[in-house]
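In: Structure for the following, please:
(chains A and B)
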2 protein chains.
Amino acid sequence: MSSSERRMRTTIMDVARAAGVSRQTVSNAVNNPERVRPDTLTRVLGEIERLDYRPSSAAQTLRHQRAGAVGTELNAVTDTPSDIALPFLTALTLAAPRHACHLVPFASRESFPMLVGYQDMVRRRLVDAFVLTDTSPGDPRPGWLEAAGIPYASFGRVYDDPGCTCWADVDGAYGTRMAVAHLVERGYRTVGFLGWPEGSAVGDDRRHGWEQALAAHGLPQGPHRVAPQLLPEALRAGAALLEDLAPGDAVVCASDVLALGVHEAARARGWRPGRDLGITGFDGSPTARLHGITTLVQPLDRIADHLLTLVHDQLAGAPAAAEGALFTPTLTVGDSTGSTTKEGTS
Amino acid sequence: MSSSERRMRTTIMDVARAAGVSRQTVSNAVNNPERVRPDTLTRVLGEIERLDYRPSSAAQTLRHQRAGAVGTELNAVTDTPSDIALPFLTALTLAAPRHACHLVPFASRESFPMLVGYQDMVRRRLVDAFVLTDTSPGDPRPGWLEAAGIPYASFGRVYDDPGCTCWADVDGAYGTRMAVAHLVERGYRTVGFLGWPEGSAVGDDRRHGWEQALAAHGLPQGPHRVAPQLLPEALRAGAALLEDLAPGDAVVCASDVLALGVHEAARARGWRPGRDLGITGFDGSPTARLHGITTLVQPLDRIADHLLTLVHDQLAGAPAAAEGALFTPTLTVGDSTGSTTKEGTS
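Out: Got it, this is the predicted structure:
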């Protein structure tokens, strides 16, 4: 999608010229096909496909009574929202004009039934489609949207429908493999893992990368603990994990919040992060930046752009992309993996 | 505004019954007054005012080509956005349906000229009005919106126009007076302050409350340092501030990020927050919750509701509210002011 975005956008006049018809005929072919002679319609639609012409959303809104908007839910149920909720929303907001749409956020204090807010947004005709976040196995939203014929794209795999192609996600296993490779390069040999409780698909993905990378480096599996995405619990689990580790070891964590828990548990023990214990987080959140934690930054701009492309293609009736897209995160090194002090100490 | 929101909403039928006219006549009085006989129009408008009838935004959109939406800018310039940016956006999003509108966020990676994004949103007819955040003295947005006749309401005082009434803000001085009162009650007698550099109107407000409360309690002014809203700088300023303090003293901070800096500086010195040093933050952010820092929680739901009422009144041509509204924050006590250990130790 990036290359087509970078190209000059095809205009209605390009299509008209190529098909040898008037601008109005192209417009009719898109909006009122019954007004166009069948042979002309075939020719115009052929040029539209060949030139990858996408009618502007403003024009479509006027003609189709489309809202020209994509809805996305803000999590108002918990008071500890995801660390990357705002950066992701900002990335979507920045990408929206490139896809000739705008965003409309919505929120509810009620956690169930979660579909009510989506229904309400459609009923009020405020949006044409949705970007989902925080998907998980058993999530009722993809199935409902599918059944209702409402276009959507999901930040996070659509776990209950392996055939679904309308998602973009970060490659968590790739990220934790990078984290292990970085730690090994820094001289760490025993690497534990702090993840989320079993059944978190995102957490399982990230744990697999840690397991795979240790095997690939010929290292034994280090100790493994789990905690929910809350600092006090992460701190307790981190303290338990450190019981099975020694100074000079390291911990790969499934998130920056979990990494902060290990960071604090290490300090409580008198171990200095980056000197006595290597720690990596995941998400590239402000939390990691604040505390100098080495982390995997999610490519939110690229993910947002891909999600809006998926939505746009569905709205335009274009064929679905061949598959969901995994995007690789980038390692950002902080003090927590001993950027200057670790060499030769393990 | 809260009491009118809690009342059952006046419907178009209520007005029709009260004025003894048809529903269509009420609709015409609102949308096509030239179609209504002058004496009928006077009677209907009188009932509309008496009953506080507000036509639904959906109906108005259809008739007036209004967007039915309020724009708000997401800060995409810095990678350390305000700790309460997402909670505030969520509060606005939750409040919007009560005001028959929806939100449309927009963002730019460029910091200047900041008006371009606002102009673009108006040009694209995506919004009817704006909610401003992060206002500061010299901010060009209120003057530009005023001159362009675009309704807006500001989260934060409109410093360059003391006559402007379209704002809501947290009462910062009230908050830091509460923080000092809480510390004094806990037995602290020397209370320093970590604020932002001179010229931050919000910071000055919060510093004044600290000064006023110490005077009111007959205590001397403690030491005072400043730092920008970044953890490394806050940590350095916090360390400098602690040079002038002793175990058993306390620090009031203008924000939770500054408080985290003091918290970390204290730990680096071997002082345990809440036992050896009292610390209060400001904002009620996730950062404060994560680290158990006593903080002042901003009443974001009430502020968001007031801002959308101000916008709605301007769009409806209602007279402006008499004055901007200050909302008092709520003290949430964490471990950092020695909830259980401080009694009797000073």
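In: Spell out which parts of the stretch 51-200 of chain A neighbour chain B.
Out: Listed as neighbours of chain B in the stretch 51-200 of chain A under the rule C-beta under 8 Å from any C-beta of the partner chain: A:58, A:69, A:74-76, A:79-81, A:85-87, A:89-90, A:93-94, A:97, A:102-109, A:120, A:124, A:126. To be clear about C-beta, it is placed using only N, CA and C from the backbone, and glycine gets the same treatment.
In: does chain B sit close to whichever strand or helix holds residue A:252?
Out: Per DSSP states H and E, residue A:252 falls inside strand A:249-253. No - if you take C-beta under 8 Å from any C-beta as the test, strand A:249-253 misses chain B, and the best it gets is 15.0 Å.
In: what are the pairing partners of that strand, and which direction each?
Out: strand A:191-195 (parallel), strand A:277-280 (parallel) (DSSP bridges).
In: Tell me the helix or strand right after it.
Out: As assigned by DSSP H and E, the chain's next helix or strand after strand A:249-253 is helix A:256-268.
In: one step back: what is the orientation angle of the strand holding residue A:252 with helix A:256-268?
Out: 150 degrees (axes from the mean of the first three to the mean of the last three C-alpha atoms, to 10 degrees).
In: List the residues that contact residue A:217.
Out: A:180-181, A:184 (C-beta atoms under 8 Å, 6 or more residues apart in numbering or on different chains).
In: How about residue A:135?
Out: Residue A:135 neighbours (C-beta under 8 Å, 6+ apart): A:141-142, A:154-159, A:167.
In: Present the residues you listed as JSON lines; the columns should include pLDDT.
Out: Output for the contacts of residue A:135, formatted as JSON lines (pLDDT from 0 to 100):
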{"residue": "A:141", "pLDDT": "87"}
{"residue": "A:142", "pLDDT": "88"}
{"residue": "A:154", "pLDDT": "95"}
{"residue": "A:155", "pLDDT": "96"}
{"residue": "A:156", "pLDDT": "93"}
{"residue": "A:157", "pLDDT": "90"}
{"residue": "A:158", "pLDDT": "88"}
{"residue": "A:159", "pLDDT": "84"}
{"residue": "A:167", "pLDDT": "94"}
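In: Which among these count as buried?
Out: Using 16 or more other C-beta atoms under 10 Å in any protein chain shown as the burial test, these include A:141-142, A:154-159, A:167 as buried.
In: Quick one: the helices in the stretch 151-300 of chain A, in order.
Out: Along the stretch 151-300 of chain A, counting by DSSP state H, counting those that start in this stretch, helices occupy A:172-185, A:201-216, A:231-243, A:256-268, A:286-291, A:300-315.
In: buried set for stretch A:122-138?
Out: For stretch A:122-138, by 16+ other C-beta under 10 Å, it's A:122, A:124, A:126-135.
In: Same check on stretch A:231-244?
Out: So for stretch A:231-244, counting by 16+ other C-beta under 10 Å, buried means A:231, A:233-235, A:237-239, A:241-242.
In: got the CA positions of that stretch in CSV?
Out: Taking Å, rounded to 0.1, in the frame of the first residue of the first chain, the C-alpha atoms of stretch A:231-244 are listed here in CSV:
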residue,chain,number,x,y,z
LEU,A,231,2.4,-2.8,38.1
PRO,A,232,1.8,-4.2,41.6
GLU,A,233,1.2,-7.7,40.2
ALA,A,234,4.2,-7.3,37.8
LEU,A,235,6.4,-6.3,40.7
ARG,A,236,5.4,-9.4,42.8
ALA,A,237,5.8,-11.7,39.8
GLY,A,238,9.1,-10.0,39.0
ALA,A,239,10.3,-10.6,42.6
ALA,A,240,9.4,-14.2,42.4
LEU,A,241,11.2,-14.5,39.0
LEU,A,242,14.4,-13.0,40.5
GLU,A,243,14.5,-15.7,43.1
ASP,A,244,15.4,-18.0,40.3
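In: Farthest from the middle of chain A: give me that residue.
Out: residue A:37 (43.9 Å; C-alpha atoms, centre = their mean).
In: hang on, the earlier thing: and the buried ones among the residues of the stretch 51-200 of chain A next to chain B, selectable in PyMOL?
Out: Restricted to buried positions by 16+ other C-beta under 10 Å, the PyMOL selection for these reads:
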select buried, chain A and resi 69+74+75+76+81+85+86+87+89+90+93+94+97+102+103+104+105+106+107+108+124+126
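In: for stretch A:124-136, the distance to its chain's centre please.
Out: Distance, stretch centre to chain centre, for stretch A:124-136: 14 Å (C-alpha atoms, centre = their mean, to the nearest Å).
In: What is the end-to-end distance of it?
Out: Start and end residues of stretch A:124-136 are separated by 27 Å (C-alpha to C-alpha, to the nearest Å).
In: Can you pull the poorly scored residue ranges out of the stretch 201-346 of chain A?
Out: A:319-323, A:339-346 (pLDDT under 70).
In: In strands only, show me the buried residues of stretch A:122-138.
Out: When DSSP state E is applied, the buried residues of stretch A:122-138 are split such that A:129-132 fall in strands.
In: Let me know the closest of the buried residues of stretch A:122-138 to chain B.
Out: Ranked by distance to chain B (C-beta to the nearest C-beta), the buried residues of stretch A:122-138 are led by residue A:126 at 5.4 Å.
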